[in-house]
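Engineer: Build me a structure from this.
(chains A and B)
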Amino acid sequence: NAGVTQTPKFRILKIGQSMTLQCTQDMNHNYMYWYRQDPGMGLKLIYYSVGAGITDKGEVPNGYNVSRSTTEDFPLRLELAAPSQTSVYFCASSLDSSGSTIYFGEGSWLTVV
Amino acid sequence: SQKIEQNSEALNIQEGKTATLTCNYTNYSPAYLQWYRQDPGRGPVFLLLIRENEKEKRKERLKVTFDTTLKQSLFHITASQPADSATYLCALDPFSGGYNKLIFGAGTRLAVHP
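Structural biologist: Sure thing, here's the model as predicted:
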């Protein structure tokens, strides 16, 4: 059982470049999330989805976009990379809402130079 | 402002002792609170959930308390081992009954020395 799988693990981007962080889960979870984690800071929610075709903004959505065409996949797109987007990104999923355990991927380390 | 606070300083304890980590929050009335463990270079892993009507929850060597009056949760690891060394995160959902959009504290790093 793979759980939540993210790719790539590491990436260096130049300012202004675009890229997509891939995320897939094999637990048939309805809810999926993207968080970013900066040193010394708590995880910040970027976007979330409560099911295929439904997405909504979290606390820090600016500079990012998401889509949810299937239950399994929830890619995160950075359109014009900026140094402020240098961070560790975690994709996560949960079965449903309100207290359901959240399962995290292993993280994607992104550096924008 | 709304926030969750965990002790930013690392907690260093001797093997076999009880580690106690604190999570304080302001301006929330969460229905539950969760604790996660995060190892360096890895994603957080769920440990325990405690609901507002539960004062205490236990799982093996772990114990969590939840005081909604003090707006505080305490996380205890008894008979600590070097393998317990990690960063521990607390998290709550400020929109009780909503979409499980957890707000996380910055975490406290625990180091258990042999």
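Engineer: With adjacent residues omitted, what lies nearest to B:Glu5?
Structural biologist: B:Asn24 (4.7 Å; Cβ to Cβ, 6 or more residues apart in numbering or on different chains). In short, each C-beta sits where N, CA and C put it, glycine included.
Engineer: How many residues are close by A:Ala52?
Structural biologist: 16 (other Cβ atoms under 10 Å in any protein chain shown).
Engineer: circling back to that earlier point, can you list contacts of the one helix or strand the residue nearest to B:Glu5 maps to?
Structural biologist: According to DSSP states H and E, B:Asn24 maps onto strand B:19-26. Counting contacts by Cβ atoms under 8 Å, 6 or more residues apart in numbering or on different chains, the residues outside strand B:19-26 that touch it are B:1-7, B:11, B:13, B:33, B:35, B:70-77, B:80, B:84, B:88, B:90, B:92, B:105, B:108, B:110, B:112.
Engineer: Recalculate using a threshold of 6 Å.
Structural biologist: By Cβ atoms under 6 Å, 6 or more residues apart in numbering or on different chains, the residues outside strand B:19-26 that reach it are B:3-7, B:13, B:71-77, B:80, B:88, B:90, B:105, B:108, B:110.
Engineer: Which of these fall within strands?
Structural biologist: In this view, the contacts of strand B:19-26 that belong to strands under DSSP state E are B:3-6, B:13, B:72-77, B:88, B:90, B:108, B:110.
Engineer: before we move on, back to that, return the per-residue confidence for the residue nearest to B:Glu5.
Structural biologist: Looking at B:Asn24, its pLDDT is 95.
Engineer: Quick check: beta-bridge partners of it?
Structural biologist: Following DSSP bridges, B:Asn24 is listed with bridge partners B:Glu5, B:Gln72.
Engineer: Please name the residues that touch the residue in chain B that chain A sits nearest to.
Structural biologist: Closest contact between chain B and chain A, by Cβ to the nearest Cβ, is at B:Gly43 (3.4 Å). Residues near B:Gly43 by Cβ under 6 Å, 6+ apart: A:90, A:104-107.
Engineer: Strands of chain A, start to end?
Structural biologist: Using DSSP E, strands in chain A cover A:4-7, A:10-13, A:19-25, A:31-37, A:44-51, A:54-57, A:64-66, A:76-78, A:87-94, A:103-104, A:108-112.
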